[in-house]
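A.B. asks: Output the structure for:
(chains A and B)
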Amino acid sequence: DTGVSQDPRHKITKRGQNVTFRCDPISEHNRLYWYRQTLGQGPEFLTYFQNEAQLEKSRLLSDRFSAERPKGSFSTLEIQRTEQGDSAMYLCASSLSSGSHEQYFGPGTRLTVT
Amino acid sequence: DAKTTQPPSMDCAEGRAANLPCNHSTISGNEYVYWYRQIHSQGPQYIIHGLKNNETNEMASLIITEDRKSSTLILPHATLRDTAVYYCIVKMSTNAGKSTFGDGTTLTVKP
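C.D. replies: The predicted structure follows:
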């Protein structure tokens, strides 16, 4: 399967713990995006990379959140000192930076903070 | 990016055409209209996009009004598997990064 993959699919953690999610984009895509989605809402943009450069960060991305894409391939999203309000689906998407720019989404990582 | 307005929910009979409207009255000349859908518990899926001309692909048709202030996504023969939340997004240009999703329209296809 050459689609976007995310790991883990589900994560349950206790408040105050750190968590890290991984996203593997479609191999030829140079753009990678992170979104967060809570129940009943549309996805909210967090950040995106073009190759290894982080080009935009949302104000939603507090200092407890950090994302990396060190070699321009996979990306990680880390949340430090998790809070119950961080419980959400974290979606990753990838696209080309040319052409029609449609984004291809992964299945998401569902985070539950207890 | 321009704001979009969609009805919160719609029903459609299986086998009939589903017509999903989107209002984007503040759209500017270089903004494209994109449609995505999200089936329960999955990530969003790209459907189609357009600038000013009507577009068709294997999944759907996109009709954009001449003044570009609104558009309609048409699923010509809806099936139960088309039940999903449909998002209409307007992006500054095809070179833009993020997509700004609203709350979308929940389409329920009924047998």
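
A.B. asks: per-residue confidence at B:S93?
C.D. replies: Per-residue pLDDT puts B:S93 at 63.

A.B. asks: wait, what's in contact with the closest residue to A:T114 other than its chain neighbours?
C.D. replies: Once flanking residues are discounted, A:T114 sits nearest to A:K14: 5.6 Å by C-beta to C-beta, 6 or more residues apart in numbering or on different chains. Where C-beta positions appear, they are placed from N, C-alpha and C, glycine not excepted. Applying C-beta atoms under 8 Å, 6 or more residues apart in numbering or on different chains, we find A:K14 in contact with A:T82, A:V113, A:T114.

A.B. asks: now B:C22, which residues is it bridged with?
C.D. replies: Counting by DSSP bridges, B:C22 forms beta bridges with B:S71.

A.B. asks: What distance do you get for it to chain A?
C.D. replies: Counting by C-beta to the nearest C-beta, to the nearest Å, the gap from B:C22 to chain A is 13 Å.

A.B. asks: Can you report how many residues lie near that residue?
C.D. replies: A count of neighbours around B:C22, defined by other C-beta atoms under 10 Å in any protein chain shown, yields 24.

A.B. asks: OK, contacts around residue 84?
C.D. replies: Unless you meant another one, I'm taking chain A. The contact partners of A:Q84, taken as C-beta under 8 Å, 6+ apart, are A:R15, A:V113, A:T114.

A.B. asks: if you could check chain B rather than the one you did, that'd help
C.D. replies: For B:A84, the contact set (C-beta under 8 Å, 6+ apart) comprises B:R37, B:Q38, B:I39, B:H40, B:T106, B:L107.

A.B. asks: rewinding a little: could you tell me which of the contacts of A:K14 count as buried?
C.D. replies: Among the contacts of A:K14, those scoring as buried are A:T82, A:V113 (criterion: 16 or more other C-beta atoms under 10 Å in any protein chain shown).

A.B. asks: before we move on, the earlier item: dump the contacts of A:Q84 into CSV; add pLDDT and secondary structure as well.
C.D. replies: Below are those laid out as CSV (pLDDT from 0 to 100; DSSP: H, G, I helix; E, B strand; the rest coil):
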residue, pLDDT, secondary structure
A:R15, 97, coil
A:V113, 98, strand
A:T114, 96, coil
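
A.B. asks: Among those, which one sits closest to chain B?
C.D. replies: A:V113 (19.3 Å; C-beta to the nearest C-beta).
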